[in-house]
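Engineer: Below is the sequence, then the predicted model.
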Amino acid sequence: EISLGLVGSEMCIRDRIWVKIPNFTSRIQTKLRPYMSTTKYIFVTGGVSSSLGKGIIAASLAKLLQARGYRVTIQKLDPYINVDPGTLNPYEHGECYVTDDGAETDLDLGHYERFLNVPTSQANNVTTGRIYQSVIQKERRGEFLGKTVQVVPHITNEIKERIQILGKSGDFDIVITEIGGTVGDIESLPYIESVRQLKWELGNQNCLVIHLTLIPYLSAAGELKTKPTQHSVKTLMESGIQADILVCRTEHHLSEELRHKLALFCNVHKDAVIESIDASTIYDVPNLMLEEGLDKVTLQKLGLKDTGRPPLTAWNEFVKRHKNPKANVTIGLIGKYVELQDSYKSILESFIHAGAANEVKVKVASIHSEFLDASNVASQMKGLDAVLVAPGFGERGIEGKIEAVRYAREQKLPFLGICLGMQMAVIEYSRNVLGLKDANSTEMNENTPFPVIDLMEAQKTITEKGGTMRLGAWACELMDDSIVKDVYGASDIQERHRHRFEYNNGYRTQLEAAGLKTTGINPQTNLVEIVEIEDHPWFVGVQYHPEYKSTVANPHPLFVSLVAAALNYSNTK
Ligand code: GLN
């Protein structure tokens, strides 16, 4: 605790007279809060192998701490040199997740939001590229006063600053920082060194390191093996960090004897050896961590009050509904990155939330748009109860997407088009209903005779690719007598965006007259955000990405309604 003596008065001189400062005390308190912050920092590192699920462990621990009444956020530090993942192909790095403030980020931030139901921001994802960019800009401005700029201390100082931005905001009691990569990687070293320094500066009672490792099972020997974990903990120690808690990913339960061995050889308390057994769904992990006492040992080590076992009532209700569906529906996901599940992570998770809300199991049938055409669309889409045409960039696979839209429109199959999917719906309607042959987006064909989707005016002078799209939350006004107004139960909404092209308003009168209604627009720019088809039970195309805002606590209403429409379709088949 810090006690502060305030010297001064509540008065100041304004226009030569003494006046009382309005809200003096609360303004002083706001200014001082960051300096009085007693934020605790938890670092999650990974060892032995990648893909162990650090993001899910971080999100699960955060969920438990949040359920105990602590204000928690999670940050991801990524060791690659791209400034952000916005320029990465989904095959490289999975989906690019977008925050309200328009940051293009790692997909783990999606897990953080889905678990915690608290929005993340630009500050929650930092890459090596961004760190170097910022340090180099400072060097160019002469801020280092003639010093040689080095990894230690300049890069590490920048990393430490980025880690503490969220803590100093005063909005959080606990900041969990997930360090991407695996210990021992060359590119992770500056991050690990920064954690070591912060631990030294802030003290062990304010900083905690959780190390997530793999305990492999050798079937020939019929045994779980601890040696890789021992080596990984040792590698971490070579950088000056003793792990406080070990989370052990395993396919089989850890015996008492094995826990004892891990504790002894890795120099941690036995109750700090946490088993993380493979789960059938990521939504089981908070409960598994609760049973293992991960939250309890975390609070103990940070000297925080143990507020008692968190109830997780709403969470458990969701898990129960998710695991006990009363019916099944099959929804086609038409995309060109379908080979890699992570490419459409938020969409797949939104279906899980919406399925639970409807007590329905949503089976997602992934259909590769590149191999879809007029000759096979009926056979490929037979048996579906609804269709979602996915977002995307570039020409590959778009004719398949257009065929899928046509099939959904003609067969009156519930349809949701997201971003590029919405644009394909506009193109399909223009070509096949309005008869505008070869209508297209200028993204695919610059010389199309009917550019029904065109580059946004504001984009025409932009040449740089990184971070220059129309990004983040924008307002949308919903029209009366529309599906969306019903679904949202509101007239003004905010949704997240990531696009350069837009519905060409020059074709709006024709399209509307032919039955493709505009049911949502951006009030400032008149940009068409939503289209619907009049004589179709459920056909909605949205320029924005509803999937980024679906969480366990707040399943997205569009997905909930789409699943309900699919169920309806399946019942009347
Ligand atoms: N490529 C389209 C555009 O830039 C759609 C983007 C998307 O689907 N996210 O407008």
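Structural biologist: Yes, it's here.
Engineer: For the ligand, see how far away the closest residue in space to Gln423 that isn't next to it in sequence is.
Structural biologist: Computed as C-beta to C-beta, 6 or more residues apart in numbering, the closest residue to Gln423 that is not its neighbour in sequence is Ile453, at 4.6 Å. Yep, even glycine has a C-beta here, placed from its N, CA and C like the rest. Distance of Ile453 to the ligand, computed by C-beta to the nearest ligand atom, to the nearest Å: 7 Å.
Engineer: Three-state assignment for Ile453, please.
Structural biologist: strand (DSSP: H, G, I helix; E, B strand; the rest coil).
Engineer: Tell me how many other residues crowd Leu202.
Structural biologist: Residues lying near Leu202 (other C-beta atoms under 10 Å) number 17.
Engineer: Would you check that it makes contact with Tyr41?
Structural biologist: Yes - with contact defined as C-beta atoms under 8 Å, Leu202 counts as touching Tyr41 (6.8 Å).
Engineer: So which residues of the stretch 251-400 of the chain form strands?
Structural biologist: With strands called from DSSP state E, counting those that start in this stretch, the stretch 251-400 of the chain shows them at 273-277, 327-335, 360-368, 386-389.
Engineer: Okay, now the sheet partners of the shortest one, with direction.
Structural biologist: The partner list of strand 386-389 in its sheet, established with DSSP bridges, is strand 327-335 (parallel), strand 415-418 (parallel).
Engineer: wouldn't Ser343 be in contact with Tyr97 here?
Structural biologist: No - at 11.8 Å, Ser343 does not count as touching Tyr97 under the criterion of C-beta under 8 Å.
Engineer: Quick one: residues in contact with the host helix or strand of Tyr569.
Structural biologist: Tyr569 belongs to helix 557-572 when assigned by DSSP states H and E. Residues from elsewhere that reach helix 557-572, judged by C-beta atoms under 8 Å, 6 or more residues apart in numbering: 327-331, 350-351, 353-355, 357-358, 360, 362, 385-386, 388, 413-414, 416, 483-484, 487-489, 537-538, 540, 542, 546-547, 550.
Engineer: Give me the ChimeraX select line for these, limited to the buried ones.
Structural biologist: Per 16 or more other C-beta atoms under 10 Å, the buried members of the contacts of helix 557-572 correspond to this ChimeraX selection:
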select :329,331,350,351,353,354,355,357,358,360,362,385,386,388,413,414,416,483,484,487,488,538,540,542,546,547,550
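Engineer: Report the buried residues of stretch 397-416.
Structural biologist: 397-409, 411, 413-416.
Engineer: Please report the distance of Glu139 from Leu189.
Structural biologist: From Glu139 across to Leu189, the span is 21 Å (C-beta to C-beta, to the nearest Å).
Engineer: Comparing those two, which residue is more hemmed in?
Structural biologist: Leu189 (17 against 13).
Engineer: sorry, back to before: from the buried residues of stretch 397-416, which land in helices?
Structural biologist: Those of these mapping onto helices are Ile398, Glu399, Gly400, Lys401, Ile402, Glu403, Ala404, Val405, Arg406, Tyr407, Ala408, Arg409, per DSSP state H.
Engineer: still on that earlier bit, and of the strands paired with strand 386-389, who's closest to the ligand?
Structural biologist: Minimum separation from the ligand across those (C-beta to the nearest ligand atom) falls at strand 415-418, 6.8 Å.
Engineer: centre of the chain versus the helix or strand just after the closest one, how much separation?
Structural biologist: Going down the chain from strand 415-418, the next helix or strand is helix 420-432, by DSSP H and E. With C-alpha atoms, centre = their mean, to the nearest Å as the basis, helix 420-432 stands 28 Å off its chain's centre.
Engineer: Helix 420-432 - what's its average pLDDT?
Structural biologist: Averaged over helix 420-432, pLDDT sits at 98.
Engineer: Is the ligand within reach of the very next helix or strand once past it?
Structural biologist: With elements assigned by DSSP H and E, the helix or strand that comes after helix 420-432 is strand 440-441. No - if you take C-beta under 6 Å from any ligand atom as the test, strand 440-441 misses the ligand, and the best it gets is 7.3 Å.
Engineer: Can you tell me the closest non-neighbouring residue to Asn125?
Structural biologist: Thr105 (3.9 Å).
Engineer: now that neighbour: how far from Val98?
Structural biologist: 7 Å.
Engineer: Same question for Ala390.
Structural biologist: 15 Å.
Engineer: Is there any residue in stretch 396-411 that contacts the ligand?
Structural biologist: No - against the ligand, stretch 396-411 shows no contacts by C-beta under 6 Å from any ligand atom, the least distance being 9.5 Å.
Engineer: Using PDB, write out every CA atom in that stretch.
Structural biologist: Provided in PDB are the C-alpha atoms of stretch 396-411 (Å, rounded to 0.1, in the frame of the first residue of the first chain):
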ATOM      1  CA  ARG A 396      -9.200 -18.000 -56.300                       C
ATOM      2  CA  GLY A 397     -12.400 -19.900 -55.600                       C
ATOM      3  CA  ILE A 398     -14.800 -17.000 -56.200                       C
ATOM      4  CA  GLU A 399     -16.800 -18.600 -59.000                       C
ATOM      5  CA  GLY A 400     -17.500 -21.500 -56.700                       C
ATOM      6  CA  LYS A 401     -18.700 -19.100 -54.000                       C
ATOM      7  CA  ILE A 402     -21.000 -17.500 -56.500                       C
ATOM      8  CA  GLU A 403     -22.400 -20.900 -57.500                       C
ATOM      9  CA  ALA A 404     -23.000 -21.700 -53.800                       C
ATOM     10  CA  VAL A 405     -24.900 -18.400 -53.300                       C
ATOM     11  CA  ARG A 406     -27.100 -19.200 -56.400                       C
ATOM     12  CA  TYR A 407     -27.900 -22.600 -55.000                       C
ATOM     13  CA  ALA A 408     -28.900 -21.200 -51.600                       C
ATOM     14  CA  ARG A 409     -31.000 -18.400 -53.200                       C
ATOM     15  CA  GLU A 410     -32.800 -20.800 -55.600                       C
ATOM     16  CA  GLN A 411     -33.300 -23.600 -53.100                       C
END
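Engineer: For the stretch 101-250 of the chain, which residue gets nearest to the ligand?
Structural biologist: For the stretch 101-250 of the chain, C-beta to the nearest ligand atom, closest residue to the ligand: Glu104, 10.6 Å.
Engineer: which bits of the stretch 401-550 of the chain sit near the ligand?
Structural biologist: So the stretch 401-550 of the chain meets the ligand at Cys419, Leu420, Glu443, Arg498, His499, Arg500, Phe501 (C-beta under 6 Å from any ligand atom).
Engineer: Need the max-distance pair from these.
Structural biologist: Glu443 and Arg498 (13.6 Å; C-beta to C-beta).
Engineer: Asp278 contacts His252, doesn't it?
Structural biologist: No - using C-beta under 8 Å, Asp278 is not in contact with His252; the gap is 9.1 Å.
Engineer: These two: which is more packed in?
Structural biologist: More crowded of Asp278 and His252, by other C-beta under 10 Å: His252, with 14 against 11.
Engineer: Quick check: phi and psi on the more buried one?
Structural biologist: With angles defined as degrees, to the nearest 10, His252 sits at phi -130, psi 150.
Engineer: Please report how far it lies from the ligand.
Structural biologist: For His252, the distance to the ligand - C-beta to the nearest ligand atom - is 42 Å.
Engineer: Nearest to Tyr132 among the residues of the stretch 401-550 of the chain next to the ligand?
Structural biologist: Of these, the one sitting nearest to Tyr132 (C-beta to C-beta) turns out to be Arg498, at 24.5 Å.
Engineer: Can you give me the distance of the closest one to Val389?
Structural biologist: 16 Å.
Engineer: Looking at these two, which has the bigger crowd around it?
Structural biologist: More neighbours surround Val389 than the other of Arg498 and Val389, with 31 against 21 (other C-beta under 10 Å).
Engineer: Leaving out the residues flanking it, which one is nearest to that one?
Structural biologist: Val389 sits nearest to Gly421 (C-beta to C-beta, 6+ apart), 3.3 Å away.
Engineer: In contact with the one you found, which residues are there?
Structural biologist: Here Gly421 is in contact with Ile334, Leu388, Val389, Ala390, Pro391, Lys401, Val405, Gly541 (C-beta under 8 Å, 6+ apart).
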